[in-house]
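[1] How does the following fold in three dimensions:
(chains A, B, C, D, E and F)
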Number of protein chains: 6
Amino acid sequence: MSENTSRQERFDQGKDVLDRIDGEAGAKVIEALSDIAPELGHQIVAWGFGEIYARPGLEPRDRQLVTLGMLTALGGCEPQLDVHINAALNVGLTPQQIIEAFLHSSVYCGFPRAINAVFTAKKVFTDRGLLPLV
Amino acid sequence: MSENTSRQERFDQGKDVLDRIDGEAGAKVIEALSDIAPELGHQIVAWGFGEIYARPGLEPRDRQLVTLGMLTALGGCEPQLDVHINAALNVGLTPQQIIEAFLHSSVYCGFPRAINAVFTAKKVFTDRGLLPLV
Amino acid sequence: MSENTSRQERFDQGKDVLDRIDGEAGAKVIEALSDIAPELGHQIVAWGFGEIYARPGLEPRDRQLVTLGMLTALGGCEPQLDVHINAALNVGLTPQQIIEAFLHSSVYCGFPRAINAVFTAKKVFTDRGLLPLV
Amino acid sequence: MSENTSRQERFDQGKDVLDRIDGEAGAKVIEALSDIAPELGHQIVAWGFGEIYARPGLEPRDRQLVTLGMLTALGGCEPQLDVHINAALNVGLTPQQIIEAFLHSSVYCGFPRAINAVFTAKKVFTDRGLLPLV
Amino acid sequence: MSENTSRQERFDQGKDVLDRIDGEAGAKVIEALSDIAPELGHQIVAWGFGEIYARPGLEPRDRQLVTLGMLTALGGCEPQLDVHINAALNVGLTPQQIIEAFLHSSVYCGFPRAINAVFTAKKVFTDRGLLPLV
Amino acid sequence: MSENTSRQERFDQGKDVLDRIDGEAGAKVIEALSDIAPELGHQIVAWGFGEIYARPGLEPRDRQLVTLGMLTALGGCEPQLDVHINAALNVGLTPQQIIEAFLHSSVYCGFPRAINAVFTAKKVFTDRGLLPLV
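    Numbers count the residues shown, from 1 in each chain, chains lettered A, B, ... in the order given. So this is what the prediction gives:
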């Protein structure tokens, strides 16, 4: 981390991490930002993924658990929940663990946030052919 | 889970889980509620811990990762963060992983929530003789 | 409350309360959860309604006033507001009182939350043939 | 309401309502704002209480139920919860009903918000010699 | 401000300010409230715009910067963001400044809130023929 | 921005911006993080200030207006409000404009958030000998 890097290199490093975790969904968000807020897209990739996600101190699956907790608690983040439920699956969490995390969230955020998160998962799981859960 | 249980048995089952995860800090909250909202204390234990935490679908450490994410995102939950930073240590997360989770939270909640969470951790880690982190 | 109850009995008791307060709308949410998060559905009914709503200490109409206040303040809970505006009507609050509660909320949550709540009520009231209010 | 009123008259009308509901605690907040944000103090009184609270469409006790719900859900509003737990008592809600409202809030906001509200009530009830609740 | 005014005059004064700042979008919200919550519509205009926006202490463009910050942070206020992104353009902020404000918000609210705000701006800018930004 | 930079250079560039805007208060936060979350301190400086604040697209005073709006709306960010009320003064906003921004916030966030922000300003203004405002 101590070597000199260019802005482009930092973006490229982040893009590798983004692709590995968020898959196509992440790239689509960045693309959708390109004609209006390209710097926001750059920073999500170069900073969010290149500087933070890339750090070795917490496993990708653990980062998604924290992220699912935050997005559920924040409310109004259904598009991001969609991306990160996909990401959670990509990094090895099972559908059952994701739903269990949302059930768990009802203890701390109440049922409305938990229900909204589960219904977002329902769309993702349906798209990926994962329902019904058994 | 299909057998008949009494209200007291459900409390006792939850209390076992609470003690294992939150330790003394959890019991103190329940005690502080006893003269004003004993039913809230009962439900935290019997339902939150007895019914939700007790489920096998998500490891205790994974539940704390989700919980730390939620409490950080909610804001204004410093007393609960204190309890759950302790809980996170109790169930095997390292101080470094906890701090990494808070750093990660800055991507989704911004720096103020992340800073408040870290300063709560600073009190907990100081009490437990864990600082400086290296 | 001190007798032994089975999980199914606790669900059935909550279901009675849910049906009385939320009507068909509540049952639909539980049904929609059944293929992805049946345990969340169970807990909403058995705990939320069976253990909390069923308590005699606060009238059903008073519980809905508190609930409308919370859902308005939380934001991003329009589906739940829909259910609970219906519930508020079911337990005897008038459309005028519900709208007055949302007007009142603007003092504590600001106009955006109040407006979003009123527009959710507009859909509910339209479906139930209650507009225009006079 | 259709007659002409001066700014001072609108303040005076609101002050009557404020005093009746919030008692001394409300007046203290307005006084504390006087050297830094007197217009905010004026608007809380003249608008919040004179225009909104003064309306007949919702009983004072019902307004406090909505308000307790909102302040609990918002989080970080402990000073305002203190004022409005007092107000709730002033307009006829019992301590038991207030605590029941906070227990109820855990269904929609989760336990941390409910616990913080109850501990604020504990201070108010202690000051007013209302503990232990039985 | 010290003269006597009628309720109608206060509405009319607010309506002038509303029209100047929010344009047609503001009037549409008030119209949509007219059959269900006319008093809320009245107070948004007479109080929000007549009493607060009308004050000379902060420029209209500065008020919109504060407002964009608040609406982004609150979350779940996309309809209001739509109105106020339009308002921001109406009072002289450039599209680039608005997007920069949302990029800036990611430091304090995290990326999800910033992204949701930018995508709301994307709809507004598209409607007004302002894309792509260069 | 296209040249190669080292991590240390990015920190140094951010530190210059931080010192100019937040003054001593910003440096104190970074120092307080150094024994527990030095990477969070690094990123606040190198990214928040070096990458975002440093951008020319929005004046420092405008960034503080957005920031005051966000921190007021978020709630529970009193320590950060303290830093940024100071920052707002440092970059040329007057005490009156800051208070006007908080009064304005009551339209969008309600009175409790506005009051909490003003009382934080009261501490800052008292420390800087700025009261009473006239």
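
[2] Confirm for me that A:Phe119 is in contact with C:Ala37.
    No - A:Phe119 lies out of contact with C:Ala37 (C-beta atoms under 8 Å); the separation is 9.2 Å. In short, each C-beta sits where N, CA and C put it, glycine included.

[3] who's more crowded, the two?
    Applying other C-beta atoms under 10 Å in any protein chain shown to A:Phe119 and C:Ala37 shows that C:Ala37 carries more neighbours, namely 26 against 18.

[4] where does the most centrally placed residue in chain A land on pLDDT?
    Most central in chain A under C-alpha atoms, centre = their mean is A:His84, positioned 2.9 Å from the mean C-alpha point. Here, the pLDDT recorded for A:His84 equals 98.

[5] I figured it hits A:Gly69, correct?
    No - look at A:His84 against A:Gly69 with C-beta under 8 Å: they stay out of range, at 10.4 Å.

[6] picking that back up, which element is the residue nearest to the centre of chain A on?
    helix A:78-90 (DSSP states H and E).

[7] Could you see whether chain F lies near the following helix or strand past that helix?
    Sequence order places helix A:95-109 as the next helix or strand after helix A:78-90, per DSSP H and E. No - against chain F, helix A:95-109 shows no contacts by C-beta under 8 Å from any C-beta of the partner chain, the least distance being 15.2 Å.

[8] Check what contacts helix A:95-109 and list those residues.
    Here helix A:95-109 makes contact (C-beta atoms under 8 Å, 6 or more residues apart in numbering or on different chains) with A:65, A:68-69, A:72-73, A:85, A:88-89, A:113-114, A:117-118, A:121, A:125, A:130, A:133, B:48, B:52-53, B:55, B:57-58, B:62-63, B:66-67, B:70-71, B:74, B:80, C:36-37, C:39-40, C:43, D:109-112.

[9] Recalculate using a threshold of 6 Å.
    A:68, A:72-73, A:88, A:114, A:117-118, A:125, A:130, A:133, B:48, B:52, B:57-58, B:63, B:66, B:70, C:37, C:39-40, D:110 (C-beta atoms under 6 Å, 6 or more residues apart in numbering or on different chains).

[10] ditto for stretch A:80-92
    Residues contacting stretch A:80-92 (C-beta under 6 Å, 6+ apart): A:21-23, A:25, A:60-61, A:64, A:67, A:71, A:98, A:117, A:120-121, A:124, E:112.

[11] Let's see which of the contacts of helix A:95-109 end up in helices.
    A:68, A:72-73, A:88, A:114, A:117-118, A:125, B:63, B:66, B:70, C:39-40 (DSSP state H).

[12] between those residues, which is nearest A:Phe11?
    Closest approach to A:Phe11 among those (C-beta to C-beta): A:Ala88, at 24.3 Å.

[13] for chain C, what are the nearby residues on chain A?
    Within chain A, the positions lying close to chain C (C-beta under 6 Å from any C-beta of the partner chain) are A:Gly75, A:Gly76, A:Ile99, A:Leu103, A:Phe111, A:Pro112, A:Val118, A:Lys122, A:Leu131, A:Pro132, A:Leu133.

[14] if we go to 10 Å?
    Proximity of chain A to chain C (C-beta under 10 Å from any C-beta of the partner chain) is limited to residues A:74-78, A:95-96, A:98-100, A:102-103, A:105-107, A:109-119, A:121-122, A:125-126, A:130-134.

[15] Okay, domains of chain A per the record?
    Domains of chain A are assigned by automatic domain parsing as A:1-55, A:59-129.

[16] Any chance of those in JSON lines with distance to D:Asp16 as columns?
    Shown next, in JSON lines, are the domains of chain A (distance: least, C-beta to C-beta, whole Å):
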{"stretch": "domain A:1-55", "distance to D:Asp16": "50"}
{"stretch": "domain A:59-129", "distance to D:Asp16": "37"}
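
[17] Single out the most deeply packed of these.
    Comparing these by mean neighbour count (mean count of other C-beta atoms under 10 Å in any protein chain shown), domain A:59-129 ranks first with a mean of 23.

[18] Sketch out the low-pLDDT regions of chain A for me.
    Scanning chain A with the threshold set as pLDDT under 70 gives A:1-2.

[19] Name the residue of it that lies nearest to chain F.
    Here chain A gets closest to chain F at one residue, A:Asn4, 3.9 Å apart by C-beta to the nearest C-beta.

[20] list the contacts for the nearest residue to that residue once chain neighbours are set aside?
    Sequence neighbours aside, F:Asn4 is the residue nearest to A:Asn4 in space, at 3.9 Å (criterion: C-beta to C-beta, 6 or more residues apart in numbering or on different chains). When the contact criterion is C-beta atoms under 10 Å, 6 or more residues apart in numbering or on different chains, the partners of F:Asn4 are A:Glu3, A:Asn4, A:Thr5, A:Ser6, A:Arg7, A:Gln8, A:Glu9.

[21] From chain B, how far out is the residue nearest to the fourth one when sequence neighbours are not counted?
    By that I understand A:Ser6. In space, and not counting its chain neighbours, A:Ser6 is closest to F:Asn4: 5.0 Å by C-beta to C-beta, 6+ apart. Applying C-beta to the nearest C-beta, to the nearest Å, the value for F:Asn4 to chain B is 25 Å.

[22] and if you look at A:Lys122?
    Taking C-beta to the nearest C-beta, one finds A:Lys122 at 17 Å from chain B.

[23] my guess is that residue meets C:Leu40, correct?
    No - using C-beta atoms under 10 Å, A:Lys122 is not in contact with C:Leu40; the gap is 11.3 Å.

[24] which residues do these two both contact?
    With C-beta under 10 Å, 6+ apart, A:Lys122 and C:Leu40 have common neighbours A:Ile99, C:Leu33.

[25] Please report the distance of the closest residue in space to A:Arg55 that isn't next to it in sequence from F:Leu33.
    Spatial nearest neighbour of A:Arg55, chain neighbours left out: B:Glu100 (6.7 Å); criterion: C-beta to C-beta, 6+ apart. Distance from B:Glu100 to F:Leu33, counting by C-beta to C-beta, to the nearest Å: 14 Å.

[26] ok, now A:Val107?
    According to C-beta to C-beta, A:Val107 stands 30 Å off from F:Leu33.

[27] what does A:Ile99 give?
    36 Å.

[28] Could you do A:Pro95 as well?
    Taken as C-beta to C-beta, the span from A:Pro95 to F:Leu33 is 37 Å.

[29] Verify the stated contact: A:Asp12 with A:Ala54.
    No - look at A:Asp12 against A:Ala54 with C-beta under 10 Å: they stay out of range, at 11.7 Å.

[30] so who does the residue nearest to A:Pro132 when sequence neighbours are not counted touch?
    Spatial nearest neighbour of A:Pro132, chain neighbours left out: C:Asp35 (3.9 Å); criterion: C-beta to C-beta, 6+ apart. The contact partners of C:Asp35, by C-beta under 10 Å, 6+ apart, come to A:Lys122, A:Phe125, A:Thr126, A:Leu131, A:Pro132, A:Leu133, A:Val134.
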